[in-house]
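> predicted structure and sequence below. I'll ask about it afterward.
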Amino acid sequence: MQNLLLFALLGLGSGALIAGVALGVVLSYRGSGIINLSTGAMVMLAGYVFWSFRNGKFGFTLPTVPAVVATLIVMALAGIAVELVAFRPLRTASPLAKLVASLGVLLLVQAVVLLVYGSSPLSSPAVL
């Protein structure tokens, strides 16, 4: 019984993260009609930006709360850029063209993260 409670508590964080990504996919589809495959890549980008703020990749180190706020600002700007560059010109395009554009954003974000951060694992900073 104790192991069941432990695993239930440990699974809440990852379950909430998966539910948040799923909610982002559903909301973007309901709002714009685009099946946004790049949602996971944008979440990955947010994690790397937060890591960069916490570990000094940008030349300065921020505490947790300012790093979260700065990450939210950076990701809002990234979302606006993706909307203006990739999705807005395809408002009247076919659903397949919109799907291909979201796949292009996914591949672009993954390639940029790979070029900037490399493929080796990074140690995460203590958040709490």
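Everything's here; your move. Note that the coordinates shown come from a computational prediction; the quantities given were computed from them, not determined experimentally.
> tell me how many other residues surround Val49.
Neighbour count for Val49, taken as other C-beta atoms under 10 Å: 21. C-betas here are computed from N, CA, C, even on glycine.
> relative to Ser102, how far out is it?
If you measure Val49 against Ser102 using C-beta to C-beta, to the nearest Å, the figure is 20 Å.
> now do the SS call for Ala93.
The three-state label given to Ala93 by DSSP: H, G, I helix; E, B strand; the rest coil is coil.
> sorry, wrong one. I was asking about Leu62.
coil.
> let me know whether it touches Arg54 as I believe.
Yes - counting by C-beta atoms under 8 Å, Arg54 is a contact partner of Leu62 at 6.5 Å.
> so which bits of the least confident helix or strand in the chain by mean pLDDT are buried?
Across the helices and strands of the chain, the lowest-confidence element by mean pLDDT, DSSP states H and E is helix 2-32, at a mean of 85. Using 16 or more other C-beta atoms under 10 Å as the test for burial, helix 2-32 gives 25, 28.
> distance from the chain centre to it, please.
On the basis of C-alpha atoms, centre = their mean, to the nearest Å, helix 2-32 is displaced by 14 Å from the centre of the chain it belongs to.
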